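Novice: kindly return the folded structure for what I paste below:
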Amino acid sequence: MNLASSTASAGSSGPSWVLVVAAVLVPGLLLAGPALRRRYPVAWWLLLGFPVVALRVMQTWRPLMAGCGLAVSRRPALTVVSGLVGNGAPPPQPRVPRRGLIHPTSGGFVLLVRLLPGQVPEDFVKAAPAMAEDWQVHAVRVTSWKPGVVRIVASASDPLAAPRAPKQRGSGHLLRVAVGVLETGAAWVVDLRRVPHWLIVGATRSGKSTLINALVAGLAPQHVALVGIDCKGGMELSLYELRLSALATNREQAVRLLSALVDLTLDRMSLCRTARVRNVWGLPDKERPVPVVVIVDEIAELFLIASRSEKDEAHAAGTALIRLAQLGAALGVFLVVAGQRVGSDLGPGVTALRAQLGGRVCHRVADPGTAEMALGDLNPDALKAAQAITPEQAGTAVLASGDGWERARSHLITEAEAEAVAAEYAYLTPVLSELHVEAS
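Specialist: Here you go, the predicted model:
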(Lines give C-alpha, C1' and ligand atoms only; values in the text may rest on other atoms or scores of the structure.)
Protein backbone atom coordinates (compact mmCIF):
# COMPACT_ATOMS: atom_id res chain seq x y z
CA MET A 1 0.00 0.00 0.00
CA ASN A 2 2.73 2.39 0.93
CA LEU A 3 4.63 1.58 -2.25
CA ALA A 4 1.52 1.98 -4.33
CA SER A 5 0.68 5.24 -2.62
CA SER A 6 4.17 6.65 -3.13
CA THR A 7 4.11 5.57 -6.75
CA ALA A 8 0.77 7.21 -7.33
CA SER A 9 1.98 10.33 -5.57
CA ALA A 10 5.12 10.53 -7.70
CA GLY A 11 3.12 9.95 -10.86
CA SER A 12 0.65 12.66 -10.00
CA SER A 13 3.39 15.16 -9.18
CA GLY A 14 4.95 14.84 -12.66
CA PRO A 15 2.17 16.59 -14.61
CA SER A 16 1.82 19.20 -11.87
CA TRP A 17 5.47 20.21 -12.26
CA VAL A 18 4.99 20.46 -16.02
CA LEU A 19 1.99 22.74 -15.49
CA VAL A 20 3.93 24.91 -13.06
CA VAL A 21 6.87 25.25 -15.44
CA ALA A 22 4.53 26.05 -18.33
CA ALA A 23 2.63 28.57 -16.20
CA VAL A 24 5.89 30.36 -15.41
CA LEU A 25 7.59 30.01 -18.79
CA VAL A 26 4.77 31.09 -21.11
CA PRO A 27 3.95 34.41 -19.36
CA GLY A 28 7.67 35.06 -19.05
CA LEU A 29 8.18 34.62 -22.79
CA LEU A 30 5.19 36.84 -23.53
CA LEU A 31 6.47 39.61 -21.25
CA ALA A 32 10.01 39.36 -22.58
CA GLY A 33 8.81 38.98 -26.17
CA PRO A 34 9.34 42.58 -27.40
CA ALA A 35 12.84 42.83 -25.90
CA LEU A 36 13.73 39.34 -27.14
CA ARG A 37 12.50 40.23 -30.62
CA ARG A 38 14.66 43.36 -30.78
CA ARG A 39 17.87 41.84 -29.43
CA TYR A 40 17.57 38.23 -30.60
CA PRO A 41 15.16 38.18 -33.57
CA VAL A 42 16.05 34.63 -34.63
CA ALA A 43 15.52 33.22 -31.12
CA TRP A 44 12.23 35.11 -30.80
CA TRP A 45 11.03 33.75 -34.10
CA LEU A 46 11.89 30.13 -33.30
CA LEU A 47 10.47 30.25 -29.74
CA LEU A 48 7.33 32.33 -30.24
CA GLY A 49 6.71 33.50 -33.78
CA PHE A 50 7.06 30.28 -35.73
CA PRO A 51 4.77 28.08 -33.55
CA VAL A 52 1.96 30.64 -33.83
CA VAL A 53 2.33 31.04 -37.60
CA ALA A 54 2.65 27.28 -38.17
CA LEU A 55 -0.62 26.72 -36.30
CA ARG A 56 -2.22 29.44 -38.41
CA VAL A 57 -1.05 27.73 -41.62
CA MET A 58 -2.53 24.39 -40.53
CA GLN A 59 -5.86 25.96 -39.55
CA THR A 60 -6.29 27.99 -42.73
CA TRP A 61 -4.89 25.55 -45.27
CA ARG A 62 -8.16 24.00 -46.47
CA PRO A 63 -10.27 27.18 -46.65
CA LEU A 64 -7.35 29.07 -48.20
CA MET A 65 -6.92 26.49 -50.95
CA ALA A 66 -10.66 26.54 -51.63
CA GLY A 67 -10.81 30.33 -51.67
CA CYS A 68 -7.90 30.55 -54.13
CA GLY A 69 -9.43 28.00 -56.48
CA LEU A 70 -6.79 25.39 -55.67
CA ALA A 71 -9.21 22.81 -54.29
CA VAL A 72 -10.73 20.19 -56.60
CA SER A 73 -14.32 18.96 -56.13
CA ARG A 74 -15.00 15.30 -55.68
CA ARG A 75 -16.63 13.40 -58.50
CA PRO A 76 -20.35 14.23 -58.84
CA ALA A 77 -21.25 10.55 -58.44
CA LEU A 78 -19.77 10.51 -54.94
CA THR A 79 -21.88 13.52 -54.03
CA VAL A 80 -25.07 11.74 -55.14
CA VAL A 81 -24.18 8.53 -53.29
CA SER A 82 -23.36 10.43 -50.11
CA GLY A 83 -26.77 12.10 -50.28
CA LEU A 84 -28.63 8.78 -50.73
CA VAL A 85 -26.72 6.63 -48.31
CA GLY A 86 -26.05 9.26 -45.69
CA ASN A 87 -29.67 10.47 -45.50
CA GLY A 88 -28.84 14.05 -46.33
CA ALA A 89 -25.31 14.05 -44.89
CA PRO A 90 -23.08 16.84 -46.21
CA PRO A 91 -21.24 16.00 -49.44
CA PRO A 92 -17.56 15.03 -49.31
CA GLN A 93 -15.17 17.93 -48.86
CA PRO A 94 -13.15 18.94 -51.94
CA ARG A 95 -9.61 17.68 -52.32
CA VAL A 96 -6.86 20.15 -51.49
CA PRO A 97 -3.16 19.95 -52.43
CA ARG A 98 -1.20 17.87 -49.96
CA ARG A 99 1.06 19.94 -47.75
CA GLY A 100 4.35 18.71 -46.34
CA LEU A 101 5.91 19.51 -42.98
CA ILE A 102 6.46 23.18 -42.13
CA HIS A 103 10.17 23.75 -41.56
CA PRO A 104 11.32 26.94 -39.79
CA THR A 105 14.10 29.14 -41.13
CA SER A 106 15.90 31.99 -39.39
CA GLY A 107 13.21 34.45 -40.41
CA GLY A 108 10.29 32.48 -41.81
CA PHE A 109 9.42 28.98 -42.92
CA VAL A 110 9.41 26.70 -45.92
CA LEU A 111 7.12 23.86 -47.00
CA LEU A 112 6.59 21.68 -50.04
CA VAL A 113 3.19 21.15 -51.66
CA ARG A 114 2.23 18.38 -54.06
CA LEU A 115 0.03 19.60 -56.91
CA LEU A 116 -3.27 18.00 -57.78
CA PRO A 117 -3.84 16.71 -61.34
CA GLY A 118 -4.30 19.61 -63.73
CA GLN A 119 -2.55 22.16 -61.54
CA VAL A 120 0.62 24.07 -62.49
CA PRO A 121 3.05 26.09 -60.34
CA GLU A 122 1.71 29.36 -61.76
CA ASP A 123 -1.61 28.68 -59.98
CA PHE A 124 0.19 28.86 -56.64
CA VAL A 125 2.27 31.87 -57.68
CA LYS A 126 -0.96 33.81 -58.21
CA ALA A 127 -2.18 32.74 -54.77
CA ALA A 128 1.00 33.90 -52.96
CA PRO A 129 -0.42 37.32 -51.89
CA ALA A 130 -3.49 35.60 -50.39
CA MET A 131 -1.24 33.17 -48.50
CA ALA A 132 0.79 36.05 -47.04
CA GLU A 133 -2.41 37.82 -45.99
CA ASP A 134 -4.03 34.78 -44.36
CA TRP A 135 -0.84 33.70 -42.57
CA GLN A 136 -0.02 37.30 -41.54
CA VAL A 137 3.55 37.19 -42.84
CA HIS A 138 5.49 39.75 -44.84
CA ALA A 139 5.81 37.88 -48.13
CA VAL A 140 5.41 34.46 -49.74
CA ARG A 141 7.44 33.22 -52.70
CA VAL A 142 6.44 30.14 -54.69
CA THR A 143 8.89 28.30 -56.94
CA SER A 144 8.82 25.01 -58.78
CA TRP A 145 10.70 22.38 -56.75
CA LYS A 146 10.37 19.38 -59.03
CA PRO A 147 7.67 18.05 -61.36
CA GLY A 148 4.39 18.04 -59.45
CA VAL A 149 5.79 19.82 -56.37
CA VAL A 150 6.12 23.52 -55.50
CA ARG A 151 8.22 25.09 -52.74
CA ILE A 152 6.63 27.81 -50.63
CA VAL A 153 9.00 30.15 -48.77
CA ALA A 154 7.51 32.68 -46.35
CA SER A 155 9.26 35.65 -44.71
CA ALA A 156 7.81 36.66 -41.36
CA SER A 157 9.13 40.22 -41.62
CA ASP A 158 10.91 42.34 -44.18
CA PRO A 159 14.65 41.56 -43.90
CA LEU A 160 15.35 44.33 -46.39
CA ALA A 161 14.06 47.03 -44.03
CA ALA A 162 17.32 47.23 -42.07
CA PRO A 163 19.94 44.80 -43.36
CA ARG A 164 22.72 44.14 -40.90
CA ALA A 165 26.28 44.63 -42.06
CA PRO A 166 28.71 41.73 -41.48
CA LYS A 167 30.10 41.64 -37.94
CA GLN A 168 33.61 40.91 -39.11
CA ARG A 169 35.67 41.66 -42.15
CA GLY A 170 38.42 39.44 -43.44
CA SER A 171 39.80 37.82 -46.53
CA GLY A 172 37.17 35.05 -46.57
CA HIS A 173 36.76 32.93 -49.69
CA LEU A 174 38.58 34.18 -52.75
CA LEU A 175 36.34 36.29 -55.05
CA ARG A 176 33.33 35.72 -52.79
CA VAL A 177 31.75 38.69 -50.97
CA ALA A 178 28.64 39.04 -48.79
CA VAL A 179 27.30 42.40 -49.98
CA GLY A 180 23.83 42.43 -48.40
CA VAL A 181 20.78 40.39 -47.50
CA LEU A 182 18.17 38.57 -49.61
CA GLU A 183 14.44 38.86 -49.06
CA THR A 184 14.53 35.36 -47.59
CA GLY A 185 16.86 36.59 -44.84
CA ALA A 186 19.88 34.76 -46.25
CA ALA A 187 23.10 36.59 -47.08
CA TRP A 188 23.38 38.15 -50.52
CA VAL A 189 26.67 36.76 -51.78
CA VAL A 190 28.41 37.79 -54.99
CA ASP A 191 30.59 34.83 -55.99
CA LEU A 192 32.67 35.71 -59.03
CA ARG A 193 33.94 32.16 -59.36
CA ARG A 194 30.36 30.96 -59.89
CA VAL A 195 28.95 33.97 -61.80
CA PRO A 196 32.02 35.76 -63.20
CA HIS A 197 30.56 38.88 -64.83
CA TRP A 198 27.88 41.27 -63.50
CA LEU A 199 25.77 44.15 -64.80
CA ILE A 200 24.57 46.63 -62.16
CA VAL A 201 22.06 49.34 -63.12
CA GLY A 202 20.33 52.00 -61.08
CA ALA A 203 19.30 55.64 -61.13
CA THR A 204 20.89 58.33 -58.96
CA ARG A 205 20.47 57.58 -55.23
CA SER A 206 19.05 54.13 -55.95
CA GLY A 207 21.84 52.22 -54.14
CA LYS A 208 24.13 51.37 -57.07
CA SER A 209 27.17 53.14 -55.60
CA THR A 210 26.49 51.64 -52.17
CA LEU A 211 26.57 48.17 -53.70
CA ILE A 212 29.89 48.90 -55.40
CA ASN A 213 31.22 50.18 -52.06
CA ALA A 214 30.20 46.91 -50.40
CA LEU A 215 31.77 44.88 -53.19
CA VAL A 216 35.08 46.77 -53.08
CA ALA A 217 35.16 46.64 -49.27
CA GLY A 218 34.76 42.86 -49.45
CA LEU A 219 37.36 42.35 -52.19
CA ALA A 220 39.98 44.72 -50.75
CA PRO A 221 41.23 42.25 -48.08
CA GLN A 222 41.58 39.50 -50.67
CA HIS A 223 44.59 38.70 -52.85
CA VAL A 224 43.06 40.11 -56.02
CA ALA A 225 43.87 43.02 -58.31
CA LEU A 226 41.20 45.70 -58.60
CA VAL A 227 41.08 47.77 -61.80
CA GLY A 228 38.83 50.80 -62.23
CA ILE A 229 37.37 52.47 -65.31
CA ASP A 230 35.50 55.68 -64.48
CA CYS A 231 35.12 57.98 -67.45
CA LYS A 232 33.51 60.70 -65.35
CA GLY A 233 36.95 61.91 -64.38
CA GLY A 234 37.30 59.29 -61.68
CA MET A 235 34.72 60.95 -59.41
CA GLU A 236 33.44 57.61 -58.12
CA LEU A 237 36.26 55.07 -58.27
CA SER A 238 39.08 57.40 -57.24
CA LEU A 239 37.91 56.78 -53.66
CA TYR A 240 39.54 53.34 -53.90
CA GLU A 241 42.63 54.49 -55.79
CA LEU A 242 45.04 53.29 -53.08
CA ARG A 243 43.73 49.74 -53.62
CA LEU A 244 43.50 49.90 -57.43
CA SER A 245 46.22 48.42 -59.61
CA ALA A 246 45.11 50.73 -62.44
CA LEU A 247 42.51 53.47 -62.94
CA ALA A 248 41.31 55.03 -66.20
CA THR A 249 39.46 58.35 -65.84
CA ASN A 250 38.53 59.06 -69.46
CA ARG A 251 37.70 57.05 -72.55
CA GLU A 252 41.14 57.40 -74.14
CA GLN A 253 42.74 55.90 -71.05
CA ALA A 254 39.98 53.30 -70.84
CA VAL A 255 40.67 52.07 -74.36
CA ARG A 256 44.37 51.66 -73.62
CA LEU A 257 43.66 49.93 -70.30
CA LEU A 258 41.12 47.56 -71.84
CA SER A 259 43.55 46.73 -74.65
CA ALA A 260 46.20 45.95 -72.04
CA LEU A 261 43.74 43.71 -70.21
CA VAL A 262 43.00 41.82 -73.44
CA ASP A 263 46.75 41.32 -73.95
CA LEU A 264 46.99 40.11 -70.34
CA THR A 265 44.32 37.48 -70.96
CA LEU A 266 46.09 36.33 -74.13
CA ASP A 267 49.34 35.94 -72.16
CA ARG A 268 47.48 33.89 -69.57
CA MET A 269 45.98 31.80 -72.35
CA SER A 270 49.48 30.96 -73.57
CA LEU A 271 50.49 30.09 -70.01
CA CYS A 272 47.57 27.69 -69.66
CA ARG A 273 48.26 26.13 -73.06
CA THR A 274 51.90 25.54 -72.13
CA ALA A 275 50.87 23.95 -68.82
CA ARG A 276 48.19 21.92 -70.65
CA VAL A 277 45.33 23.13 -68.42
CA ARG A 278 42.01 24.61 -69.46
CA ASN A 279 42.00 27.59 -67.10
CA VAL A 280 44.18 29.38 -64.56
CA TRP A 281 42.54 27.45 -61.71
CA GLY A 282 44.24 24.31 -63.00
CA LEU A 283 47.68 25.86 -62.46
CA PRO A 284 49.68 25.27 -59.27
CA ASP A 285 49.12 27.94 -56.63
CA LYS A 286 52.60 29.40 -57.05
CA GLU A 287 52.20 29.72 -60.81
CA ARG A 288 48.62 31.01 -60.88
CA PRO A 289 48.39 34.70 -61.82
CA VAL A 290 46.50 37.03 -59.53
CA PRO A 291 42.75 37.36 -60.31
CA VAL A 292 41.76 40.74 -61.76
CA VAL A 293 38.37 42.34 -61.05
CA VAL A 294 37.56 45.16 -63.50
CA ILE A 295 34.97 47.66 -62.23
CA VAL A 296 33.45 49.88 -64.93
CA ASP A 297 31.39 52.77 -63.58
CA GLU A 298 28.88 54.46 -65.91
CA ILE A 299 29.17 52.25 -68.96
CA ALA A 300 27.28 54.79 -71.10
CA GLU A 301 30.32 57.09 -71.02
CA LEU A 302 32.26 54.46 -72.97
CA PHE A 303 29.63 54.08 -75.69
CA LEU A 304 28.19 57.59 -76.16
CA ILE A 305 29.38 59.27 -79.35
CA ALA A 306 29.33 63.06 -79.67
CA SER A 307 31.24 63.25 -82.96
CA ARG A 308 32.55 61.03 -85.76
CA SER A 309 36.03 61.12 -84.27
CA GLU A 310 34.76 59.33 -81.14
CA LYS A 311 33.14 56.47 -83.04
CA ASP A 312 36.30 54.38 -83.45
CA GLU A 313 37.24 54.94 -79.81
CA ALA A 314 33.81 53.80 -78.56
CA HIS A 315 33.89 50.78 -80.86
CA ALA A 316 37.34 49.78 -79.60
CA ALA A 317 36.21 50.04 -75.97
CA GLY A 318 33.11 47.93 -76.62
CA THR A 319 35.02 45.28 -78.54
CA ALA A 320 37.64 44.97 -75.80
CA LEU A 321 34.96 44.59 -73.09
CA ILE A 322 33.20 41.87 -75.06
CA ARG A 323 36.47 39.99 -75.55
CA LEU A 324 37.22 40.21 -71.83
CA ALA A 325 33.74 38.92 -71.02
CA GLN A 326 34.20 35.99 -73.41
CA LEU A 327 37.69 35.01 -72.28
CA GLY A 328 38.00 36.35 -68.75
CA ALA A 329 36.24 33.75 -66.61
CA ALA A 330 38.71 30.99 -67.47
CA LEU A 331 41.70 33.32 -67.28
CA GLY A 332 41.00 35.04 -63.97
CA VAL A 333 39.60 38.34 -65.27
CA PHE A 334 36.14 39.36 -64.02
CA LEU A 335 33.87 42.25 -65.01
CA VAL A 336 31.53 44.37 -62.89
CA VAL A 337 29.83 46.84 -65.23
CA ALA A 338 27.61 49.56 -63.74
CA GLY A 339 25.52 52.37 -65.15
CA GLN A 340 22.55 54.64 -64.59
CA ARG A 341 21.21 54.03 -68.07
CA VAL A 342 21.95 51.03 -70.24
CA GLY A 343 20.00 50.58 -73.45
CA SER A 344 20.27 49.35 -77.00
CA ASP A 345 20.32 53.00 -78.16
CA LEU A 346 23.95 53.13 -76.99
CA GLY A 347 24.85 50.84 -79.87
CA PRO A 348 24.90 47.13 -80.75
CA GLY A 349 28.00 46.62 -78.63
CA VAL A 350 25.96 47.12 -75.44
CA THR A 351 23.54 44.36 -76.33
CA ALA A 352 26.40 42.00 -77.23
CA LEU A 353 28.13 42.82 -73.94
CA ARG A 354 24.92 42.30 -71.96
CA ALA A 355 24.66 38.78 -73.32
CA GLN A 356 28.05 37.95 -71.72
CA LEU A 357 27.17 39.34 -68.27
CA GLY A 358 25.42 36.45 -66.57
CA GLY A 359 24.72 38.20 -63.26
CA ARG A 360 22.32 41.15 -63.23
CA VAL A 361 21.38 43.63 -60.50
CA CYS A 362 18.64 46.18 -61.14
CA HIS A 363 17.90 48.97 -58.65
CA ARG A 364 15.24 51.59 -59.23
CA VAL A 365 15.79 52.96 -62.74
CA ALA A 366 14.62 56.12 -64.45
CA ASP A 367 13.54 54.47 -67.69
CA PRO A 368 11.93 51.08 -68.44
CA GLY A 369 14.45 50.35 -71.20
CA THR A 370 17.28 50.02 -68.67
CA ALA A 371 15.32 47.52 -66.58
CA GLU A 372 14.44 45.63 -69.76
CA MET A 373 18.11 45.53 -70.77
CA ALA A 374 19.13 44.22 -67.35
CA LEU A 375 16.42 41.63 -66.69
CA GLY A 376 14.15 41.25 -69.69
CA ASP A 377 16.08 38.41 -71.27
CA LEU A 378 16.30 36.43 -68.01
CA ASN A 379 12.93 36.52 -66.25
CA PRO A 380 9.73 38.55 -66.84
CA ASP A 381 8.77 38.26 -63.16
CA ALA A 382 12.11 39.76 -62.13
CA LEU A 383 11.50 42.65 -64.53
CA LYS A 384 8.09 43.38 -62.96
CA ALA A 385 9.58 43.27 -59.46
CA ALA A 386 12.34 45.72 -60.43
CA GLN A 387 9.88 48.15 -61.99
CA ALA A 388 7.92 48.15 -58.71
CA ILE A 389 10.87 49.48 -56.64
CA THR A 390 10.01 52.94 -55.27
CA PRO A 391 12.32 55.89 -54.54
CA GLU A 392 11.84 55.24 -50.81
CA GLN A 393 13.46 51.79 -51.19
CA ALA A 394 17.02 52.98 -51.76
CA GLY A 395 19.42 50.06 -51.79
CA THR A 396 16.73 47.56 -52.72
CA ALA A 397 17.39 45.69 -55.94
CA VAL A 398 16.33 42.68 -57.96
CA LEU A 399 19.18 40.35 -58.82
CA ALA A 400 18.92 37.66 -61.43
CA SER A 401 21.06 35.03 -63.10
CA GLY A 402 20.52 31.73 -64.82
CA ASP A 403 19.66 30.24 -61.40
CA GLY A 404 16.61 32.47 -60.83
CA TRP A 405 15.92 35.85 -59.23
CA GLU A 406 15.64 37.43 -55.78
CA ARG A 407 14.87 40.75 -54.14
CA ALA A 408 17.79 41.99 -52.08
CA ARG A 409 19.31 45.00 -50.38
CA SER A 410 22.98 45.85 -50.03
CA HIS A 411 24.68 46.69 -46.75
CA LEU A 412 25.10 50.40 -46.15
CA ILE A 413 28.81 50.95 -46.74
CA THR A 414 29.45 54.68 -46.93
CA GLU A 415 32.02 56.30 -49.19
CA ALA A 416 34.16 57.14 -46.16
CA GLU A 417 34.08 53.52 -44.98
CA ALA A 418 34.95 52.17 -48.43
CA GLU A 419 37.80 54.67 -48.75
CA ALA A 420 39.10 53.67 -45.31
CA VAL A 421 39.03 49.98 -46.25
CA ALA A 422 40.90 50.70 -49.49
CA ALA A 423 43.57 52.57 -47.54
CA GLU A 424 43.80 49.85 -44.89
CA TYR A 425 44.52 47.15 -47.47
CA ALA A 426 46.57 49.25 -49.88
CA TYR A 427 49.59 47.08 -49.12
CA LEU A 428 47.84 44.17 -50.86
CA THR A 429 47.59 46.04 -54.17
CA PRO A 430 49.39 43.97 -56.83
CA VAL A 431 51.73 45.88 -59.12
CA LEU A 432 50.75 45.00 -62.70
CA SER A 433 53.16 46.98 -64.85
CA GLU A 434 51.45 45.84 -68.04
CA LEU A 435 48.32 47.75 -66.99
CA HIS A 436 50.05 51.09 -66.35
CA VAL A 437 48.03 53.92 -67.92
CA GLU A 438 49.67 57.27 -68.67
CA ALA A 439 47.62 60.37 -67.84
CA SER A 440 46.26 62.13 -70.89
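Novice: can you name the element that comes right after the lowest-mean-pLDDT helix or strand in the chain?
Specialist: Least confident helix or strand, the chain: helix 76-85 with a mean of 51, by mean pLDDT, DSSP states H and E. Next helix or strand after helix 76-85 toward the C-terminus (DSSP states H and E): strand 98-99.
Novice: partners of that following strand in the sheet?
Specialist: strand 108-114 (antiparallel) (DSSP bridges).
Novice: and the angle for whatever helix or strand comes next after the strand it pairs with with strand 108-114?
Specialist: Using DSSP H and E, the next helix or strand after strand 108-114 towards the C-terminus is helix 121-135. Calculated by axes from the mean of the first three to the mean of the last three C-alpha atoms, to 10 degrees, helix 121-135 forms an angle of 140 degrees with strand 108-114.
Novice: and helix 121-135, what other elements does it pack with?
Specialist: Judged by 3 or more C-beta pairs under 8 Å, 6 or more residues apart in numbering; DSSP states H and E, helix 121-135 is in contact with helix 50-67, strand 139-146, strand 149-155. Every C-beta, even on glycine, is put in place using the N, C-alpha and C of the backbone.
Novice: turn these into TSV, including mean neighbour count and mean pLDDT.
Specialist: Shown next, in TSV, are the helices and strands packed on helix 121-135 (neighbours: other C-beta atoms under 10 Å; pLDDT from 0 to 100):
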stretch	mean neighbour count	mean pLDDT
helix 50-67	15	92
strand 139-146	16	85
strand 149-155	20	90
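Novice: what's the local residue count around Tyr425?
Specialist: Using other C-beta atoms under 10 Å, Tyr425 has 19 other residues around it.
Novice: what's the spacing between it and Ala314?
Specialist: 34 Å (C-beta to C-beta, to the nearest Å).
Novice: would you list the helices and strands packed on helix 121-135 in TSV and tack on distance to Gly118?
Specialist: Shown next, in TSV, are the helices and strands packed on helix 121-135 (distance: least, C-beta to C-beta, whole Å):
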stretch	distance to Gly118
helix 50-67	14
strand 139-146	16
strand 149-155	14
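Novice: Arg278 is nearest to which of the ones you listed?
Specialist: The closest of these to Arg278 is strand 139-146. By C-beta to C-beta, the value is 32.3 Å.
Novice: contacts for the closest one, please.
Specialist: Residues from elsewhere that reach strand 139-146 (C-beta atoms under 8 Å, 6 or more residues apart in numbering): 112, 121, 124-125, 127-129, 131-132, 150-155, 158, 183-184, 404.
Novice: so what are the sheet partners of it and their directions?
Specialist: Paired strands of strand 139-146, defined by DSSP bridges, are strand 149-155 (antiparallel).
Novice: neighbouring contacts of the partner strand?
Specialist: Counting by C-beta under 8 Å, 6+ apart, 53, 105, 107-115, 121, 124, 128, 131-132, 135, 137-145, 183-185 sit against strand 149-155.
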